[in-house]
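**Student:** show me the folded form of this:
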Amino acid sequence: MAKAKTSKKQTKQSKAEQTSGKTRRTPDTKDFDEAPLKRVKAAVERATKQVRGIKASMPWLGKMDSERRRFSRGKFRDGENAALLSVADLVGRKEWEGFFRPLAKMDKGKKPGVLETARLKERLERRALYVALLEEIGDLWVMLSDTILYEGENVKPVLLKAYSLARKAAEDDEEMRTALADVIDFYGEPAKKATKTKAEKKAQDEAERAAAEAGEEE
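**Tutor:** Below you'll find the model as predicted:
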């Protein structure tokens with residue numbers, strides 16, 4: 001039996017139907033479900049308590065400021081933790097103790113003049129444990145972030161369209177204009193800030209030009 005020929009137009013239409021409004025499936029893709037609001041509230045409340053419990057169980061964790069984080073030398077490549085652990089094993093051998101002793105001032109240990117390799121290895125082992133935990137949390141972070149996007153993309157387009165229609169109608173409807181007052185202020189804020197910034201820059205430029213002209217006259 002002869003196969004029916006598929007036109008280029010049909011092929012393009014088929015591909016468009018496959019991708020339009022649907023998630024492109026990859027090994028890392030997971031479909032979204034709209035769970036009942038009551039269930040989400042309960043789950044979020046429970047998860048929040050658990051996260052707070054995790055934070056409370058590790059009070060030694062700290063935070064860097066953005067500048068220190070940006071320039072930190074603590075950033076590792078994949079597999080570098082294991083590589084440096086091998087280096088620490090080498091440094092800890094007694095026959096090489098004298099060779100590496102000059103580095104003792106760099107280990108931030110508690111024994112002056114001694115390169116504390118056990119302490120260095122312990123730091124690497126702690127780091128590996130934190131990385132494993134962060135990978136679990138990171139996956140949750142991605143799923144939460146993407147679900148937030150999913151919820152938003154199913155809401156924002158239709159409500160922004162509704163706002164656009166209402167905004168236009170509000171020009172002749174005082175009641176609607178009053179109901180939308182806060183929303184109009186919210187969406188108008190970026191334009192107001194841009195106008196203010198532009199005005200401030202213009203005033204600054206004029207002041208600098210006036211100062212320069214006054215300096216030339218002197």
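
**Student:** can you pull out the helices in the chain?
**Tutor:** For the chain, applying DSSP state H gives helices covering 8-19, 37-57, 66-71, 80-91, 97-100, 117-153, 156-169, 174-179, 181-217.

**Student:** looking at those helices, spot the one closest to residue 29.
**Tutor:** helix 117-153 (9.5 Å; CB to CB). C-betas here are computed from N, CA, C, even on glycine.

**Student:** quick one on the thing from earlier: out of the helices of the chain, nearest to residue 108?
**Tutor:** Closest among the helices of the chain, using CB to CB: helix 117-153, at 8.4 Å.

**Student:** so how far is stretch 50-60 off the chain centroid?
**Tutor:** Distance of stretch 50-60 from its chain centroid, counting by CA atoms, centre = their mean, to the nearest Å, is 21 Å.

**Student:** can you list the domains in the chain?
**Tutor:** The chain breaks down by automatic domain parsing into domains covering 74-154, 156-218.

**Student:** turn those into a markdown table, columns for distance to residue 49 and mean pLDDT.
**Tutor:** What follows is the domains of the chain, written out as a markdown table (distance: least, CB to CB, whole Å; pLDDT from 0 to 100):
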| stretch | distance to residue 49 | mean pLDDT |
| --- | --- | --- |
| domain 74-154 | 15 | 88 |
| domain 156-218 | 30 | 77 |
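
**Student:** distance to residue 57 added to those, as JSON lines?
**Tutor:** Shown next, in JSON lines, are the domains of the chain (distance: least, CB to CB, whole Å):
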{"stretch": "domain 74-154", "distance to residue 57": "11"}
{"stretch": "domain 156-218", "distance to residue 57": "38"}
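
**Student:** redo those domains as JSON lines? Include mean neighbour count.
**Tutor:** Shown next, in JSON lines, are these (neighbours: other CB atoms under 10 Å):
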{"stretch": "domain 74-154", "mean neighbour count": "12"}
{"stretch": "domain 156-218", "mean neighbour count": "11"}
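
**Student:** mind putting the helices of the chain into a markdown table with distance to residue 107?
**Tutor:** Output for the helices of the chain, formatted as a markdown table (distance: least, CB to CB, whole Å):
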| stretch | distance to residue 107 |
| --- | --- |
| helix 8-19 | 55 |
| helix 37-57 | 28 |
| helix 66-71 | 20 |
| helix 80-91 | 10 |
| helix 97-100 | 10 |
| helix 117-153 | 6 |
| helix 156-169 | 53 |
| helix 174-179 | 66 |
| helix 181-217 | 49 |
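
**Student:** out of the domains of the chain, flag the one nearest residue 68.
**Tutor:** Of all these, domain 74-154 sits nearest to residue 68, with 9.8 Å by CB to CB.

**Student:** the helices of the chain: which one's closest to residue 30?
**Tutor:** Proximity to residue 30 (CB to CB) singles out helix 117-153 among these, at 7.2 Å.

**Student:** report all helices and strands that that closest one contacts.
**Tutor:** Judged by 3 or more CB pairs under 8 Å, 6 or more residues apart in numbering; DSSP states H and E, the packing partners of helix 117-153 are helix 80-91.

**Student:** show me what the helix it packs on is packed up against.
**Tutor:** helix 117-153.

**Student:** do that again at 10 Å, thanks
**Tutor:** Applying 3 or more CB pairs under 10 Å, 6 or more residues apart in numbering; DSSP states H and E, one finds that helix 80-91 contacts helix 97-100, helix 117-153.
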